[in-house]
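1. predicted coordinates and the sequence they were generated for:
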Amino acid sequence: MAVLLLFFMLPLSISASGDAFIGVNIGSDISDMPGPTEIVALLKAQSIQHVRLYDADQALLLALANTGIRVTVSVPNDQLLGIGQSNATAANWVTRNVIAHVPATNITAICVGSEVLTTLPNAAPILVSAINFIHSALVAANLDRQIKVSSPHSSSIILDSFPPSQAFFNRTWNPVMVPMFKFLQSTGSCLMLNVYPYYDYQQSNGVIPLDYALFRPLPPNKEAVDSNTLLHYTNVFDAVVDAAYFAMSDLNFTNIPIMVTESGWPSKGDSSEPDATVDNANTYNSNLIRHVLNNTGTPKHPGIAVSTFIYELYNEDLRSGPVSEKNWGLFYANGEPVYTLHLTGST
């Protein structure tokens, strides 16, 4: 734990200056879920200063009060339809889950839904309405400058993603994406994107080298080169983020920053997931943290920070699906680390 502690002190002083920060996601599909005070104690012990919740858990928001930790709360997908169809429902949600907790709890963003276009497509037509209704409630409470609103998307909505310069969003979703980008642009918010090189690697059938997915150093002749821009890519993460930038440009939006709301690597998998290992998870997350905090940006936008939330704080043993789904955490539910991040020396 000591190495984690030494690392997570780094974002404390830089997060407010426009530089990148590292945060963590906190899921709750855990049979022996730690209590709010235990969670906050772990966050403090690790000097973690940015967290994203998948809901707006009242007890945890109260426990986070007066800690200074920056909190992103979420409208769960199962509440999205109601909020997207009623300004009053959205205002009530903001009153109960935001206004009741600020300023003691430092809520800085609201995620409206999660991967709605790919996991709940029937709600897609009301997504932008839901975002606007939530934002209107913040405006009414004079909280819209300190609390930004957006909606995390799966990177799978980006098509033809390599080379990045050819990328575009699935045009089925243009009626949603264009007004959403107009909203993000007008409110100074960001595109929230979930980026999982683990899945890109897994689904590439050997085309993507493991080292390229894990941020390991590559010889120059192994780097991926975008033949249109001649930009060199040394890792999958940057290539996906730049694909999103180029896809926004395809829709004539060029000044919306990107925040990565989820990224990580599983530490355990079943027989069909041989690369879900402790060593690979440690390597990926250690290198990801170092990469983000170096503030190098991406090849397309080297000066623009890409703040990132690691998926996730705890292993979630109740999640369905393959073994890997239960093993993305940095910690077990009892607070013991799954592995100790190596943040100095060789990668």
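-> Noted; the coordinates are in hand.

2. am I right that Ala213 is in contact with Thr283?
-> No. Under the criterion of C-beta atoms under 8 Å, Ala213 makes no contact with Thr283, lying 9.8 Å away. Just so you know, the C-beta spots here come from the backbone N, C-alpha and C atoms, and that holds for glycine as well.

3. hey, where'd the helices end up in this protein?
-> Ranges of helices within the chain are 2-8, 36-45, 58-63, 80-84, 87-94, 116-119, 124-140, 174-187, 197-203, 210-213, 236-250, 278-293, based on DSSP state H.

4. so which of these gets nearest Asp270?
-> Minimum separation from Asp270 across those (C-beta to C-beta) falls at helix 197-203, 12.4 Å.

5. quick check: mean pLDDT across that closest one?
-> The average of the pLDDT scores along helix 197-203 is 96.

6. again with stretch 274-289
-> 97.

7. among the helices of the chain, which is the most enclosed?
-> Neighbour counts (mean count of other C-beta atoms under 10 Å) averaged over each of the helices of the chain peak at helix 236-250, with a mean of 24.

8. elements contacting that one?
-> strand 158-159, strand 168-169, strand 191-194, helix 197-203, strand 258-263 (3 or more C-beta pairs under 8 Å, 6 or more residues apart in numbering; DSSP states H and E).

9. in TSV, list those along with distance to Asn66.
-> Output for these, formatted as TSV (distance: least, C-beta to C-beta, whole Å):
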stretch	distance to Asn66
strand 158-159	40
strand 168-169	41
strand 191-194	27
helix 197-203	36
strand 258-263	25
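
10. of the ones you listed, which is nearest Ala59?
-> Short answer: strand 258-263, nearest of those by C-beta to C-beta, at 22.9 Å.

11. next, the angle from the closest one to helix 278-293.
-> Calculated by axes from the mean of the first three to the mean of the last three C-alpha atoms, to 10 degrees, strand 258-263 forms an angle of 160 degrees with helix 278-293.

12. for strand 258-263, which strands pair with it and how are they oriented?
-> Strand pairing for strand 258-263, determined by DSSP bridges: strand 191-194 (parallel), strand 308-310 (parallel).

13. what does the average pLDDT come to for the last one?
-> Going back to what we said before, that points to strand 308-310. Rounded mean pLDDT across strand 308-310 is 98.

14. which residues are contacting it?
-> With contact meaning C-beta atoms under 8 Å, 6 or more residues apart in numbering, strand 308-310 is reached by 20, 22-25, 50, 52, 72, 195, 259-264, 285, 288-289, 292, 330.

15. mind doing that once more with 7 Å?
-> 22-25, 52, 260-264, 285, 288, 292, 330 (C-beta atoms under 7 Å, 6 or more residues apart in numbering).

16. for the residue of the chain positioned farthest from its centre, give its distance to Phe331.
-> Farthest-out residue of the chain from its mean C-alpha position, per C-alpha atoms, centre = their mean: Asn221, at 30.9 Å. Distance, Asn221 to Phe331, by C-beta to C-beta, to the nearest Å: 39 Å.

17. follow-up on the earlier one: any idea of the pLDDT on the residue farthest from the centre of the chain?
-> Looking at Asn221, the pLDDT reads 84.

18. may I have stretch 65-84 as PDB, with CA atoms only?
-> Taking C-alpha atoms only, stretch 65-84 is exported to PDB below (Å, rounded to 0.1, in the frame of the first residue of the first chain):
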ATOM      1  CA  ALA A  65     -18.200  15.600   3.000                       C
ATOM      2  CA  ASN A  66     -15.400  17.900   4.200                       C
ATOM      3  CA  THR A  67     -12.700  15.600   2.700                       C
ATOM      4  CA  GLY A  68     -12.000  17.900  -0.400                       C
ATOM      5  CA  ILE A  69     -12.300  14.800  -2.600                       C
ATOM      6  CA  ARG A  70     -13.700  15.700  -6.000                       C
ATOM      7  CA  VAL A  71     -16.800  13.600  -6.600                       C
ATOM      8  CA  THR A  72     -18.500  12.700  -9.900                       C
ATOM      9  CA  VAL A  73     -22.100  11.400  -9.300                       C
ATOM     10  CA  SER A  74     -24.200   9.600 -11.900                       C
ATOM     11  CA  VAL A  75     -27.800   9.200 -13.000                       C
ATOM     12  CA  PRO A  76     -28.100   5.400 -13.300                       C
ATOM     13  CA  ASN A  77     -29.500   4.100 -16.600                       C
ATOM     14  CA  ASP A  78     -32.600   2.900 -14.900                       C
ATOM     15  CA  GLN A  79     -33.500   6.400 -13.900                       C
ATOM     16  CA  LEU A  80     -32.700   8.000 -17.300                       C
ATOM     17  CA  LEU A  81     -36.100   7.700 -19.000                       C
ATOM     18  CA  GLY A  82     -37.900   9.400 -16.200                       C
ATOM     19  CA  ILE A  83     -35.400  12.300 -16.100                       C
ATOM     20  CA  GLY A  84     -35.300  12.700 -19.800                       C
END
